[in-house]
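>>> test case, fold it:
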Amino acid sequence: MVGKARQKAGRKVPVRAGKAAKPAAEKGVSLVARAYEEMKEKIIRGYFLPGQYLNEGAICALLDLGRTPVHQALQRLELDGLVEIMPRKGVIVLPDSIAEIIKILDSRLVVEPELARGAAARATPQEAAELQALSGVHKPDAATSDIDAFIISDRAFHRRLAELSGNQVLSDFARNLHERAWRYWYLHLWQTLDIQGSTRQHAGIAEAIAAGDGEAAAAAMRRHILGLRRRLSEIQSARGGPAAHRSLPDLASDQGGVDMSTPPTLPAGMPKLDEVLLQSKDMEWRPKSLKGLYEKVLWRDETTGASICLIKFDKGTSIPEPHMHASNQFMFCLEGHYEYTRTGVTLKPGSFYWNPKGNVHGPTIAHEDTVVVEIYDGPHYPQRPSWYTNDEDAR
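The predicted model follows:
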């Protein structure tokens, strides 16, 4: 009996050791994968901004992971073209540029029509129906923003189409191109987001695949990608001003920046005087369609779109997404505590803030009830952002 007991123990020990060793190896791989996916998602969604230096120690604390998986994940992200590891300097999120995304779109034009053609040749009727069901944009819940819903749906559609093509090599290449391009949606292209147009284009691609027409599917995919090029051109036009790193432009003319030949448009009912005096305390706060946000319009040039307003944020009010403006933005904080959460830039009473035309900033949060003077030297947004439900709020 003793011998049998020892024999059983002898059999069990190596089996237990083997079982323990396998999860340990899998755990190491899964930690690297987790670090890679979480950091990649933060880069794509703009949590880590283009040009931002990353500290490995801070990332470890943020993700609650050790240095080894974080370091290995950063090496994978460098291969993806999302970061650059600079010896003795650290890690930098690679800056975005119009030229870079054009290269990505050019590559997609080569790869994705072939994937669509392959999917048309291989997809079963049931698989084609599944792809058609994915062609629309679906919000998982009411809290999901338009841009998040679009990205989730766009990912699902293009990934499924790539799977149906049966070409794993091209599918992997296309996935990498998409992941590099999605951050441009979050940073820039969301401002020209046409959900209905994208839905129609996806539906056209899926319809051609369901019909087994490879040429029509490839042509529809080319039109879809060329449509993204057109939107990019719109953003490029809107960003025609100085880049974010350049110095403040000289906004004044030789006469001190004031064109006396054309007086500013006065509020209705105001007497036409050379000077205007408003008592802002006597004006009513106009609530905007974003809850907790109010304005008092002190002056606006209807021709250029330039404006001077008092803006009030209730405590907890947030601009929820990265965004840019179609002109230079200036803010002077009168009271409260207002933060740009991605960069940590904070406005408190007496703070002056300037954001150049075309520079992406945000999201934001008001930690206290906050009032600022906000000035734009031209129109506010290139296009009404998703958090407003009427055009007046985006002026």
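
>>> helices along the stretch 51-200 of the chain, start to end?
Residue ranges of the helices in the stretch 51-200 of the chain, as given by DSSP state H, counting those that start in this stretch, are 56-63, 67-79, 98-122, 125-133, 146-165, 168-187, 195-210.

>>> ok, which of the ones you listed comes nearest Ala35?
Ala35 lies closest to helix 67-79 among these, at 3.7 Å (C-beta to C-beta). All C-beta atoms are positioned from the backbone trio N, CA, C, and that covers glycine.

>>> report all helices and strands that that closest one contacts.
Counting contacts by 3 or more C-beta pairs under 8 Å, 6 or more residues apart in numbering; DSSP states H and E, helix 67-79 packs against helix 2-44, helix 56-63, strand 83-86.

>>> could you give the mean pLDDT of the second one?
When you say that, I think you mean helix 56-63. What helix 56-63 shows for mean pLDDT is 89.

>>> go on, the longest one?
Per-residue pLDDT over helix 2-44 has a mean of 61.

>>> what helix or strand is Trp299 on?
Assigned by DSSP states H and E, Trp299 belongs to strand 293-300.

>>> in that strand, what counts as buried?
Neighbour counts over strand 293-300 (16 or more other C-beta atoms under 10 Å) mark 293-296, 298, 300 as buried.

>>> stretch 215-228 too?
By 16+ other C-beta under 10 Å, the buried positions in stretch 215-228 come out as 216-222, 224-225, 228.

>>> want to try TSV for these, with secondary structure, distance to Trp387 and pLDDT as columns?
Listed next are the buried residues of stretch 215-228 as TSV, based on DSSP: H, G, I helix; E, B strand; the rest coil; distance: C-beta to C-beta, whole Å; pLDDT from 0 to 100:
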residue	secondary structure	distance to Trp387	pLDDT
Ala216	helix	38	96
Ala217	helix	36	96
Ala218	helix	37	96
Ala219	helix	36	96
Ala220	helix	32	96
Met221	helix	31	96
Arg222	helix	33	95
His224	helix	27	92
Ile225	helix	28	91
Leu228	helix	23	82
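
>>> pretty sure Thr346 contacts His337?
Yes: between Thr346 and His337 a contact is recorded at 7.0 Å, counting by C-beta atoms under 8 Å.

>>> before we move on, back to that, nearest to Ile44, out of the helices of the stretch 51-200 of the chain?
Set against Ile44 and scored by C-beta to C-beta, these come closest in helix 168-187, at 4.6 Å.

>>> what's around Gln350, how many residues?
Careful, residue 350 is Gly and not Gln. 9 (other C-beta atoms under 10 Å).

>>> let me know the secondary structure of it.
Three-state assignment for Gly350 (DSSP: H, G, I helix; E, B strand; the rest coil): coil.

>>> ok, it to Leu131 distance?
56 Å (C-beta to C-beta, to the nearest Å).

>>> then Glu56?
Using C-beta to C-beta, Glu56 is found at 41 Å from Leu131.

>>> returning to that earlier point: can I get the buried residues of stretch 215-228 in CSV with distance to Pro379?
Shown next, in CSV, are the buried residues of stretch 215-228 (distance: C-beta to C-beta, whole Å):
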residue, distance to Pro379
Ala216, 40
Ala217, 40
Ala218, 39
Ala219, 37
Ala220, 34
Met221, 34
Arg222, 33
His224, 29
Ile225, 29
Leu228, 24
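
>>> how about low-confidence regions in the stretch 151-300 of the chain?
185-193, 233-276 (pLDDT under 70).

>>> please repeat the previous calculation with a cut-off of 80.
For the stretch 151-300 of the chain, the stretches with pLDDT under 80 are 179-195, 230-278, 282.

>>> I'd guessed Pro125 sits against Ile209; true?
No: between Pro125 and Ile209 there is no contact under C-beta under 8 Å: 10.7 Å.

>>> neighbour count: the two, which is higher?
Using other C-beta under 10 Å as the criterion, Pro125 and Ile209 rank with Ile209 on top: 29 against 9.

>>> so how far is Leu164 from that one?
The gap separating Ile209 from Leu164 is 7 Å, by C-beta to C-beta.

>>> ok, Ala206 next?
Ala206 is 10 Å from Leu164, by C-beta to C-beta.

>>> what do these two both touch?
Here Ala206 and Leu164 share the contacting residues 128, 131, scored by C-beta atoms under 8 Å, 6 or more residues apart in numbering.

>>> so who does Arg155 touch?
By C-beta under 8 Å, 6+ apart, the residues touching Arg155 are 178, 182.

>>> do you know how far it is from Thr303?
Distance of Arg155 to Thr303, given as C-beta to C-beta: 42 Å.

>>> now swap in Ala119 and tell me
Distance of Ala119 to Thr303, given as C-beta to C-beta: 51 Å.

>>> okay, those two: which has more neighbours?
Neighbours per residue, other C-beta under 10 Å: of Ala119 and Thr303, the larger number sits with Ala119, 30 against 9.

>>> surely the more buried one touches Ala217?
Yes: counting by C-beta under 8 Å, Ala119 does reach Ala217; the two are 6.8 Å apart.

>>> now for the two: what residues contact both?
Common contact partners of Ala119 and Ala217 (C-beta under 8 Å, 6+ apart): Ile209.

>>> could you list the domains of this structure?
Domain assignment for the chain by automatic domain parsing gives 2-93, 98-237, 281-394.

>>> related to what we said a few turns ago, output the contacting helices and strands for whichever helix or strand comes after the strand holding Trp299.
Next helix or strand after strand 293-300 toward the C-terminus (DSSP H and E): strand 307-313. Helices and strands touching strand 307-313, by 3+ C-beta pairs under 8 Å, 6+ apart, are strand 293-300, strand 370-376.

>>> turn these into TSV, including distance to Arg108.
Below are the helices and strands packed on strand 307-313 laid out as TSV (distance: least, C-beta to C-beta, whole Å):
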stretch	distance to Arg108
strand 293-300	38
strand 370-376	35
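
>>> looking at those, which is nearest to Pro50?
For those, distance to Pro50 was read as C-beta to C-beta. The smallest value, 23.8 Å, belongs to strand 370-376.

>>> may I see the buried residues of that closest one?
For strand 370-376, the buried set under the neighbour-count rule, 16+ other C-beta under 10 Å, comprises 370-376.

>>> one more: stretch 69-76?
Within stretch 69-76, judged by 16+ other C-beta under 10 Å, the buried ones are 69-74, 76.
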